[in-house]
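**Student:** below is the structure, and that's it, no one-letter string:
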Ligand code: S3P
């Protein structure tokens, strides 16, 4: 994909449904009584992997003419006839494992080359403590073999702040006897808690501890998935780069555990406003308007790095265009995402002529730098491809994004939509 420099970002957008919420709604629909109907379901390949797995587990899935997705829940999931293909999706493998741990059958989950490099020990440890038998390849990498069955409740303190790990344990908690609780070092996105409540399950939270009782029954829902804020991040960051930008994003997910980007862009100096706030199934949804102003600089660390984990690549990629730069700390999880995102961000910034300092847990990108177009290596990672498509908009000369096709993992429409709001 060739990206030419832009003059402005102008227009109004409505984005496909949030990836995190789509995964959770599809998984809970599978074990809920009745048929769940979902509008604006994520168009990404990752969520399609979840839907395909749910189908392999015996749930009838239908795509209606109006674009809605219907999933018929089952009282008992069926043992899959073959290995469950999670594709590129860590969320599918980790969160679905929580449900599979509570089923009375054995199954195997595998993924693509990137997923096969990702650590699964983080979910294996608590699910084994609950009584599931799980084995994996060398270094706790996929494929996963799960023998589910009777589970016992646990009180688990996660050593790393991960919403996927929290979700796996809470999902398993549905099938365990007694009360299961999860304590997390920093608060992570709470879509699992909101989705469980929407499907009729009682969940309680006290500080960073979430508790669920086993044996609760789920009831199907009808919902429209709010626009994906991690996808919106690319447009918001692009808009923040140009003096004449004016961009509106409607029906956008604004759950406070996901919307830290708005705070960061404000702190950087961007002009932002939010209107039409509503709540649907516990999720805040609204319209965001963003205009340019001069961007200063920021250090992102601690809880903020956890909250912004998926947006850090694009923030780092616009770092050179700020006045004082962007410093990212406490984000070593970036090294075990779909790619080593710290290494790839540093490599691509340097390819564009920028200076940056790579650290084990993050990177410092000095501000006030001029970038030139370059050959970008996405490493087959969707967020790297899209982050550098944004950086390329303000570079001098054309850039080529290699592996741009990876955008389909979360956001197949990205390049087309970016083009539709780009003025040259
Ligand atoms: C996600 C949680 C995060 C995030 C991923 C989606 C989720 O991963 O990076 O894209 O939907 O729960 P971790 O749980 O590994 O932090």
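**Tutor:** Okay, I see it. None of the values given here were measured: they were computed from a predicted structure. Numbers count the residues shown, from 1 in each chain.
**Student:** grab the nearest non-local neighbour of residue 47.
**Tutor:** The shortest distance from residue 47 to any non-neighbouring residue, by CB to CB, 6 or more residues apart in numbering, is to residue 22 (4.3 Å). Every C-beta, even on glycine, is put in place using the N, C-alpha and C of the backbone.
**Student:** and what of residue 92?
**Tutor:** residue 86 (4.2 Å).
**Student:** give me phi/psi at the one you found?
**Tutor:** Backbone torsions of residue 86, given as degrees, to the nearest 10, read phi -90, psi 0.
**Student:** near the ligand, which residues of this protein are found?
**Tutor:** Residues of the chain lying close to the ligand by CB under 6 Å from any ligand atom are 20, 91, 162-164, 167, 189, 309-310, 333.
**Student:** what about 8 Å?
**Tutor:** By the rule CB under 8 Å from any ligand atom, the part of the chain lying against the ligand is 19-20, 23-24, 90-91, 94-95, 122, 160-167, 188-189, 191-192, 230, 306, 309-310, 333, 336-337.
**Student:** ok, now how distant is the residue nearest to residue 92 from residue 100?
**Tutor:** 11 Å (CB to CB, to the nearest Å).
**Student:** try residue 177
**Tutor:** To residue 100, residue 177 is 18 Å away according to CB to CB.
**Student:** settle it for me: which of the two has more neighbours?
**Tutor:** A count of neighbours by other CB atoms under 10 Å puts residue 100 above the other of residue 177 and residue 100, at 28 against 13.
**Student:** domains in this protein, by residue range?
**Tutor:** 2-14+226-423, 19-224 (automatic domain parsing).
**Student:** any chance of a markdown table for those, columns mean pLDDT?
**Tutor:** Below are the domains of the chain laid out as a markdown table (pLDDT from 0 to 100):
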| stretch | mean pLDDT |
| --- | --- |
| domain 2-14+226-423 | 97 |
| domain 19-224 | 98 |
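**Student:** before we move on, the earlier item: show me the contacts for the residue nearest to residue 47.
**Tutor:** Shown in contact with residue 22 (CB atoms under 8 Å, 6 or more residues apart in numbering): 38, 41-42, 44, 47, 50, 225.
**Student:** in helices only, show me those residues.
**Tutor:** 47, 50 (DSSP state H).
**Student:** what's the farthest-apart pair in the contacts of residue 22?
**Tutor:** Longest distance between any two of these is 13.9 Å, between 38 and 44; criterion CB to CB.
**Student:** looking at the two now, which is surrounded by more residues?
**Tutor:** In terms of neighbours (other CB under 10 Å), residue 44 is the more surrounded of residue 38 and residue 44; the figures are 28 against 23.
**Student:** hang on, isn't the more buried one packed against residue 413?
**Tutor:** No: with contact defined as CB atoms under 8 Å, residue 44 does not reach residue 413; the gap is 9.8 Å.
**Student:** residues that sit against both of the two, list them.
**Tutor:** Among the neighbours of residue 44, those also in contact with residue 413 (CB under 8 Å, 6+ apart) are residue 16.
**Student:** can you give me the helices for this protein?
**Tutor:** Counting by DSSP H, the chain has helices at residues 19-30, 45-56, 90-100, 113-116, 121-129, 163-173, 191-198, 229-239, 260-268, 303-307, 312-318, 341-351, 382-393, 414-421.
**Student:** ok, residues contacting the last one?
**Tutor:** This means helix 414-421. Helix 414-421 is contacted by residues 1, 9-11, 13, 15, 231, 234-235, 238, 247, 386, 389, 404, 407 when judged by CB under 8 Å, 6+ apart.
**Student:** check the fifth one too.
**Tutor:** The contact list for helix 121-129, computed with CB under 8 Å, 6+ apart, reads 94, 97-98, 101, 134, 136, 140, 144, 146, 154, 156, 158-160, 162, 164-165, 168-169, 172.
**Student:** buried subset of the residues you listed?
**Tutor:** Buried members of the contacts of helix 121-129, scored by 16 or more other CB atoms under 10 Å, are 94, 97-98, 101, 134, 136, 140, 144, 146, 154, 156, 158, 162, 164-165, 168-169, 172.
**Student:** give the buried residues for stretch 394-410.
**Tutor:** Neighbour-count burial for stretch 394-410 flags 394-395, 399, 401, 403-404, 406-410 (criterion: 16+ other CB under 10 Å).
**Student:** same deal with stretch 375-391?
**Tutor:** Residues of stretch 375-391 classed as buried: 376-391 (neighbour count, 16+ other CB under 10 Å).
**Student:** ok, now stretch 187-198?
**Tutor:** Here stretch 187-198 shows 187-196, 198 as buried, counting by 16+ other CB under 10 Å.
**Student:** find residues that contact each of residue 86 and residue 100.
**Tutor:** Joint contacts of residue 86 and residue 100 (CB under 8 Å, 6+ apart) are residue 109.
**Student:** how about the strands of the stretch 151-300 of the chain, start to end?
**Tutor:** Counting by DSSP state E, counting those that start in this stretch, one finds strands in the stretch 151-300 of the chain at the ranges 151-152, 155-157, 176-177, 179-183, 203-206, 209-213, 222-224, 246-253, 271-280, 283-291, 297-300.
**Student:** residues near residue 139, how many?
**Tutor:** 9.
**Student:** ok, it - contacts?
**Tutor:** residue 119.
**Student:** who's in contact with residue 326?
**Tutor:** 297-300, 315-316, 318-319, 364-365, 367.
**Student:** distance of it relative to residue 254?
**Tutor:** Distance from residue 326 to residue 254, by CB to CB: 23 Å.
**Student:** equivalent analysis for residue 136, please.
**Tutor:** 37 Å.
**Student:** and what of residue 6?
**Tutor:** Going from residue 6 to residue 254 by CB to CB gives 26 Å.
**Student:** also residue 78?
**Tutor:** According to CB to CB, residue 78 and residue 254 sit 37 Å apart.
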